[in-house]
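>>> Need coordinates for the following:
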Amino acid sequence: MPELATPLIAWYRDTARDLPWRAPGFGAWGVLVSEFMLQQTPVTRVIPRLEAWLTRWPTPTALAADPPAAAVAQWANLGYPRRALWLHRAAVEIRDRHDGVVPRDVDALLALTGIGDYTARAVAVFAYGDRHPVVDTNTRRVIARAVEGRSQPGPPGRRDLADMERLLPAELPDAAVMNAAMMELGAVVCTARAARCDVCPVASLCAWRAAGYPDTGDARRKQASYEGSDRQARGAVLRTLRAAEAHEVAEAAVIADWPDPAQRGRAIDSLLVDGLIESDGMLLRLPR
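Take a look at the predicted model:
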């Protein structure tokens, strides 16, 4: 449906949210950091953390010069803290392999720690203006509804890139805007819970609307509850170490009052395996 592009691009240029990473000249490093932070984290939580991160580490080389513990501590409450460790490793790789400059080539980006199909293409498109399909959860929902007539997308897969590729205009600037517009539409109009068809710029072209909004099922994997989970216990361990002097605490004192001792042990063990904490047998600390 290439006809989606014209109304979507016009709508985006008129109504897009004013977000830091969309500012002209924001830079490839800023785009890369923002994409790491935005994975499964709301925009409102990311914006202040992004500003603080880029103030402290304005370049990959600046981050690479500090220990991983600093990155994990700065990550604070963004969740999924392995992203902080991966971002630090990516910064080291950018310094060592690319002279401190975030690469433009998608394959070079994919070779960096923590970067997958979405992030690699997002950096190449939004930082450098290249033409690639960029597909996130919001994009997949818009394609499922507007193009395929389904209420929700199926499980993610390689076909998603091909689906988005078919929608991209040939012109580089328009292709970049189309990628951003699809994500924006899914984020603020064609949302998972309630599609706002009255303000949708492509409502007249939407296959799902034309079919009468059929419920075609939802095959997406449901996320487990955070409350009472191992993730919550892991977060509590990391908060304790982030708040401690030198980011280290006697192991016996780390969330010692956690109501489930077995879960506490699993949390510590899994963080050690992930490299998010270290142990000398007596102390737990953030990675050095």
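>>> which residue ranges form the strands in the stretch 151-288 of the chain?
Applying DSSP state E, counting those that start in this stretch to the stretch 151-288 of the chain gives strands spanning 248-250, 278-279, 283-285.
>>> Convert the C-alpha atoms of stretch 128-143 to PDB, please.
The C-alpha trace of stretch 128-143 is given here as PDB (Å, rounded to 0.1, in the frame of the first residue of the first chain):
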ATOM      1  CA  TYR A 128      22.500   9.100   8.900                       C
ATOM      2  CA  GLY A 129      19.400   9.400   6.600                       C
ATOM      3  CA  ASP A 130      19.900   6.000   4.800                       C
ATOM      4  CA  ARG A 131      17.000   4.100   3.400                       C
ATOM      5  CA  HIS A 132      16.100   0.900   5.400                       C
ATOM      6  CA  PRO A 133      12.900  -0.500   6.800                       C
ATOM      7  CA  VAL A 134      12.700   0.200  10.600                       C
ATOM      8  CA  VAL A 135      10.200  -2.000  12.400                       C
ATOM      9  CA  ASP A 136       9.200  -1.800  16.100                       C
ATOM     10  CA  THR A 137       6.100  -3.000  17.900                       C
ATOM     11  CA  ASN A 138       4.100   0.000  16.900                       C
ATOM     12  CA  THR A 139       5.000  -0.300  13.200                       C
ATOM     13  CA  ARG A 140       4.000  -4.000  13.300                       C
ATOM     14  CA  ARG A 141       0.600  -3.100  14.700                       C
ATOM     15  CA  VAL A 142       0.000  -0.400  12.000                       C
ATOM     16  CA  ILE A 143       0.900  -2.900   9.300                       C
END
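>>> picking that back up, I'd like to know which of the strands of the stretch 151-288 of the chain lies nearest to Tyr226.
For those, proximity to Tyr226 was assessed by C-beta to C-beta; strand 283-285 is nearest, at 22.2 Å. Quick note: C-beta positions are derived from backbone N, CA and C, even for glycine.
>>> I'd like to know which elements the closest one is packed against.
Here strand 283-285 touches helix 230-243, strand 248-250, strand 278-279, going by 3 or more C-beta pairs under 8 Å, 6 or more residues apart in numbering; DSSP states H and E.
>>> circling back: just name the most buried of the strands of the stretch 151-288 of the chain.
Counting by mean count of other C-beta atoms under 10 Å, strand 283-285 has the highest mean neighbour count of the strands of the stretch 151-288 of the chain, with a mean of 19.
>>> average pLDDT for that one?
For strand 283-285, the mean per-residue pLDDT is 90.
>>> Please apply the same query to stretch 140-160.
Rounded mean pLDDT across stretch 140-160 is 93.
>>> how distant is that stretch from the center of its chain?
Distance of stretch 140-160 from the chain centroid (C-alpha atoms, centre = their mean, to the nearest Å) equals 19 Å.
>>> which residues touch Arg121?
106, 132-135, 161 (C-beta atoms under 8 Å, 6 or more residues apart in numbering).
>>> If I look at it, what pLDDT would I see?
97.
>>> And for Arg242?
pLDDT at Arg242 comes out at 87.
>>> ok, now how distant is the residue nearest to it when sequence neighbours are not counted from Arg288?
Setting aside the residues directly before and after it, Arg242 is nearest to Ala73 in space (C-beta to C-beta, 6 or more residues apart in numbering), at 4.6 Å. Taking C-beta to C-beta, to the nearest Å as the measure, Ala73 falls 12 Å from Arg288.
>>> between these two, who's got more neighbours?
Ala73 (19 against 10; other C-beta atoms under 10 Å).
>>> and the helix or strand in which the more buried one is found, how far from the chain's centre?
For Ala73, the host element (DSSP states H and E) is helix 68-75. What separates the centre of helix 68-75 from the centre of its chain is 17 Å, taken as C-alpha atoms, centre = their mean.
>>> send the alpha carbons of that helix over as CSV?
What follows is helix 68-75 as a C-alpha-only set of coordinates in CSV (Å, rounded to 0.1, in the frame of the first residue of the first chain):
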residue,chain,number,x,y,z
PRO,A,68,30.9,-0.8,33.4
ALA,A,69,29.8,-0.1,37.0
ALA,A,70,29.3,3.6,36.2
ALA,A,71,27.0,2.7,33.3
VAL,A,72,24.9,0.3,35.4
ALA,A,73,24.6,2.8,38.2
GLN,A,74,23.6,5.6,35.8
TRP,A,75,21.0,3.4,34.3
